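1. Sequence first, then the predicted structure, then my questions.
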Amino acid sequence: MIGVNKGLVLFFILLCSASFPLWSQTGSQRLKKEQSALEKQIATTKTLLEKSKKNTRLSLDEVHLIEKQVEYRERLLRNIDNQIRSSELKVEQKKGRIQELNAEIERLKKQYAKLLLYAYKKRNKYGDLMFIFSAKSVEEALKRKLYLEKLTEIQKKQMRLIKQNTALLEEEIKSLNQEKKEQEKLAAQKKSERAEIIKTKREKEKVYQRFKEQEEELLKELAQQEKAKTRLKNEIAAAIKREIAAEKARLEKARREAEARRKAEEARKAANTPTVEEAKKEESFSLTAESTLIGESFAANKGKLPWPVEKGTITQNYGKNKHPSLPNVYTQNNGVDISTPKNANVLAIFKGEVTSVINIPGAGKVVIIKHGDYRTVYSNLRDVYVTKGSTVDTKTPIGSLLPNPSGDISVAHFEVHHVKGSGVNQLNPNLWIAK
């Protein structure tokens, strides 16, 4: 009896332990999701690289794309390694559970055999009815009847335990075999990815060598790019300052008008002159309610905002970037550069109002969108689909990109700014758009 109860307890413990893989799936699912995202980025970068290679003219965009391809592949390799380690741990856990289940089934079978033998002997010696009727009193007969019923119930429970544990064992063996197949698949992926990394690194070295041979020309090109960046930075800063000044002028005008209405109302009351319409309530002229809501929503969506292009890969990050081939040469980026298919559309990352559309030599056309006290900047545009003062929704196409100098792909330059009073802070776009 006690042994049977212990079997029941252990069975429920085993049932609980069988649910552990469900809890640990979160890590596996996260790794799978990350793998899928990296594979998409690798595919996008590969497509852009193939287009870039069609042009005989060597471009810096090609180098950036190769670097990104190496980075993504190395991250994917680390991801696969993590999945293999996770899978190995699962296999060991499953082997342990299979051993426990086998031992438990064996123990339950032995208990069941003893119960059957005991019941068989009782039946042969007395028979169930004789065992009950041979009792010395009615009370003892009832006890014997209950005893036999309990014995039958225990036998049934023991059989259920054996069947349930056997089903668990079969499920664990099936799961173990699936996990082993997954391991084999991951090992093949790892081998393939290592080969791709070696291949991509060789391509990278070849391109670097070609760049070294053209160092003088590259330095001239870099100087031109830096001048264009400076023009872009100054024009954007000037445009935002004009917006701030215009907003201040609007607020001041509104304040004066409100003050004039207030004085007129005071004069009317003093003269006790009735009017048809009551004076309007003085307005608040900081940010409008809608504008404030947009700004708060923009900030609340930090790290979740969509990309400004449908497909692409970031080839130049925000801040200080080392030149890929020229030693001790660094460039400063006020936003991010995203390589994307040629002439791709640029999309607003959030709803807002277009406050500036400007044309900058060397940087194409630029669109600035206001989201409360935040600004997003989209440059290197060939065509613009919006006008100053128009409102846009999230993912509204605002223009198409210029092709890069080699004419095979396009590069979107994207910035995020925060307006505080009369000051403007540059922000890292990487922290605002979704990973």
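-> It's in.
2. now the strands for the chain?
-> Assigned by DSSP state E, the strands in the chain fall at 313-316, 319-322, 330-333, 336-341, 345-347, 352-360, 364-371, 374-384, 391-392, 397-401, 409-420, 423-427.
3. Let's have those in CSV, adding mean neighbour count, mean pLDDT and distance to residue 155.
-> Heads up, the C-betas are built off the backbone N, CA and C, glycines and all. Below are these laid out as CSV (neighbours: other CB atoms under 10 Å; pLDDT from 0 to 100; distance: least, CB to CB, whole Å):
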stretch, mean neighbour count, mean pLDDT, distance to residue 155
strand 313-316, 22, 89, 67
strand 319-322, 13, 85, 75
strand 330-333, 14, 84, 77
strand 336-341, 23, 92, 71
strand 345-347, 24, 95, 70
strand 352-360, 18, 91, 74
strand 364-371, 23, 93, 73
strand 374-384, 22, 94, 73
strand 391-392, 17, 94, 75
strand 397-401, 22, 96, 74
strand 409-420, 22, 92, 73
strand 423-427, 14, 88, 73
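4. Those: which one's closest to residue 94?
-> With CB to CB as the criterion, residue 94 lies closest to strand 313-316 of the strands of the chain, at 38.7 Å.
5. Name every strand pairing with the closest one and say which way it goes.
-> The pairing partners recorded for strand 313-316 under DSSP bridges are strand 336-341 (antiparallel).
6. phi, psi of residue 309?
-> As for residue 309, its main-chain torsions (degrees, to the nearest 10) stand at phi -130, psi 160.
7. Identify the bridge partners of the nearest residue to it once chain neighbours are set aside.
-> In space, and not counting its chain neighbours, residue 309 is closest to residue 340: 4.5 Å by CB to CB, 6 or more residues apart in numbering. Residue 340 forms beta bridges with residue 410, as assigned by DSSP bridges.
8. quick one: residue 340 and residue 315 touch, right?
-> No - using CB atoms under 8 Å, residue 340 makes no contact with residue 315, being 9.7 Å away.
9. Which residues are in contact with each of those two?
-> residue 411 (CB atoms under 8 Å, 6 or more residues apart in numbering).
10. which ones are touching the closest residue to residue 201 other than its chain neighbours?
-> Leaving aside its chain neighbours, residue 201 sits nearest to residue 70 (6.1 Å; criterion: CB to CB, 6+ apart). Counting by CB under 8 Å, 6+ apart, residue 70 makes contact with 197, 200-201, 204.
11. one more time with 10 Å
-> 45, 196-197, 200-201, 203-204 (CB atoms under 10 Å, 6 or more residues apart in numbering).
12. can you pick the most crowded of the residues you listed?
-> residue 45 (25 neighbours; other CB atoms under 10 Å).
13. hey, which helix is longest across the protein?
-> helix 138-213 (DSSP state H).
14. Check the offset of that helix from the chain's centre.
-> Remark: helix 138-213 is offset 27 Å from the chain centroid, using CA atoms, centre = their mean, to the nearest Å.
15. The nearest residue to residue 391 once chain neighbours are set aside and residue 242, how far apart?
-> Nearest residue to residue 391, sequence neighbours excluded (CB to CB, 6+ apart): residue 353, at 5.4 Å. Separation of residue 353 from residue 242 (CB to CB, to the nearest Å): 15 Å.
16. picking that back up, could you dump the contacts of residue 70 to CSV with distance to residue 372?
-> Formatted as CSV, the contacts of residue 70 follow (distance: CB to CB, whole Å):
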residue, distance to residue 372
45, 34
196, 45
197, 44
200, 43
201, 45
203, 45
204, 43
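17. Between which two of those residues is the distance greatest?
-> Farthest pair in those, by CB to CB: 45 and 201, 14.5 Å.
18. got the buried residues for stretch 63-71?
-> For stretch 63-71, the neighbour count (16 or more other CB atoms under 10 Å) marks 63-71 as buried.
19. on that earlier part again, could I get the strands of the chain as JSON lines with distance to residue 173?
-> Below are these laid out as JSON lines (distance: least, CB to CB, whole Å):
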{"stretch": "strand 313-316", "distance to residue 173": "43"}
{"stretch": "strand 319-322", "distance to residue 173": "53"}
{"stretch": "strand 330-333", "distance to residue 173": "55"}
{"stretch": "strand 336-341", "distance to residue 173": "49"}
{"stretch": "strand 345-347", "distance to residue 173": "51"}
{"stretch": "strand 352-360", "distance to residue 173": "58"}
{"stretch": "strand 364-371", "distance to residue 173": "56"}
{"stretch": "strand 374-384", "distance to residue 173": "55"}
{"stretch": "strand 391-392", "distance to residue 173": "58"}
{"stretch": "strand 397-401", "distance to residue 173": "55"}
{"stretch": "strand 409-420", "distance to residue 173": "52"}
{"stretch": "strand 423-427", "distance to residue 173": "54"}
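20. and of the ones you listed, who's closest to residue 212?
-> strand 319-322 (15.4 Å).
21. ok, back up a step: against which helices or strands is the longest helix of the chain packed?
-> The contact analysis (3 or more CB pairs under 10 Å, 6 or more residues apart in numbering; DSSP states H and E) places helix 138-213 against helix 2-17, helix 20-53, helix 60-125, helix 128-133, helix 215-271.
22. Which one of those has the poorest average confidence?
-> Per-stretch mean pLDDT for the helices and strands packed on helix 138-213 is lowest at helix 2-17 (a mean of 40).
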